[in-house]
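In: 3D model of this:
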Amino acid sequence: MTSRKSAMVLGGSSDIGRAAARAFARSGYDVALAGRDVAALEPDAADLRARYNVEVGLHKFDVLDTASFESFVGSLPTLPDVVISIVGLLGVQQNAESDLAHATAIMRSNYEGPSLILGLFAEKFLGRGSGTLVGVSSVAGDRGRASNYVYGSAKAGFSAFLSGLRARANSSGVHVVTVKPGFVRTRMTEGMKLIGPLTVEASVVGDAILRAVENKTDVVYVSGKWRLVMLIIKALPEAVFKKLKF
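Out: Residues are numbered from 1 along each chain as shown. Coordinates of the predicted model:
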């Protein structure tokens, strides 16, 4: 056991998860990586231990297996200081429009699972009187667009959950952060046409999450440009917005 602060990354095998783990380890946090395939997390854990001389734990976690959430939280050897939910599924909008199973997976991966697990950690943190919860949401949740409204609606729900939880936890010693990355160059977005000036690397998101935790920021648009873009998009009258197919 160490006296260092600790951070748990749910979705530790994702590109953003790896980047967040590196950012926190570099800052002196012990790290716990959680994901469906624990063996796949081991190389990253070994690298973090060697590179930053921190403790790294590995945990099996499946965001769709909500029945296991209580036992997952209860089985942790220690309660982390920070929990970061980076799990999610972009999916394919065209498939989700007619495939209920695919739409369900997108909605559960981006809203139901992340909200329920952070809600469980919130109860533990509130009982302790300290801790930070981070949810990686999306600018796609700021307004439903024709090109990705299944994914966007799930992220909108997650953002609303985080907003309400943040209000509930206010003045309790527990802080809740909402992170909206925008376009990120990752394996998930490989093959997509990304807009260069609005696109960041996963490492930028990882660093932004760390800063938000350290500075107790409420809502973070990783690229400030996205805040302006979404402000304009949200201001469009519905009669105009519904004609847009982007």
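In: lowest-pLDDT helix or strand in this structure?
Out: Every helix and strand of the chain was ranked by mean pLDDT, DSSP states H and E. The lowest is strand 183-185, at a mean of 60.
In: now do the helices in the protein.
Out: Secondary structure of the chain (DSSP state H): helices at 15-26, 38-52, 69-74, 93-96, 100-107, 113-128, 149-169, 202-215, 224-235, 238-241.
In: what is the orientation angle of the first one with helix 38-52?
Out: Spelled out, it's helix 15-26. 40 degrees (axes from the mean of the first three to the mean of the last three C-alpha atoms, to 10 degrees).
In: what packs against helix 15-26?
Out: strand 6-10, strand 30-35, helix 38-52, strand 82-85, helix 202-215 (3 or more C-beta pairs under 8 Å, 6 or more residues apart in numbering; DSSP states H and E). (C-beta placed from N, C-alpha, C; glycine too.)
In: turn those into JSON lines, including mean pLDDT.
Out: Below are these laid out as JSON lines (pLDDT from 0 to 100):
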{"stretch": "strand 6-10", "mean pLDDT": "98"}
{"stretch": "strand 30-35", "mean pLDDT": "97"}
{"stretch": "helix 38-52", "mean pLDDT": "96"}
{"stretch": "strand 82-85", "mean pLDDT": "98"}
{"stretch": "helix 202-215", "mean pLDDT": "93"}
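In: mean neighbour count added to the ones you listed, as CSV?
Out: Below are those laid out as CSV (neighbours: other C-beta atoms under 10 Å):
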stretch, mean neighbour count
strand 6-10, 26
strand 30-35, 26
helix 38-52, 15
strand 82-85, 27
helix 202-215, 20
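In: take those and lay them out in TSV including distance to Ser137.
Out: Listed next are the helices and strands packed on helix 15-26 as TSV, based on distance: least, C-beta to C-beta, whole Å:
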stretch	distance to Ser137
strand 6-10	14
strand 30-35	19
helix 38-52	23
strand 82-85	9
helix 202-215	12
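In: out of those, which comes closest to Arg227?
Out: Nearest of these to Arg227, taken as C-beta to C-beta: helix 202-215 at 12.7 Å.
In: then that closest one to CSV, C-alphas only?
Out: Coordinates of each C-alpha in helix 202-215 appear next as CSV, following Å, rounded to 0.1, in the frame of the first residue of the first chain:
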residue,chain,number,x,y,z
ALA,A,202,-5.8,10.9,-27.3
SER,A,203,-3.0,12.2,-25.2
VAL,A,204,-4.6,15.7,-25.2
VAL,A,205,-7.8,14.2,-23.8
GLY,A,206,-5.8,12.3,-21.1
ASP,A,207,-4.1,15.5,-20.0
ALA,A,208,-7.4,17.4,-20.1
ILE,A,209,-9.0,14.9,-17.8
LEU,A,210,-6.1,15.2,-15.3
ARG,A,211,-6.3,19.0,-15.3
ALA,A,212,-10.1,18.9,-14.8
VAL,A,213,-9.7,16.7,-11.8
GLU,A,214,-6.9,18.8,-10.3
ASN,A,215,-8.7,22.0,-11.0
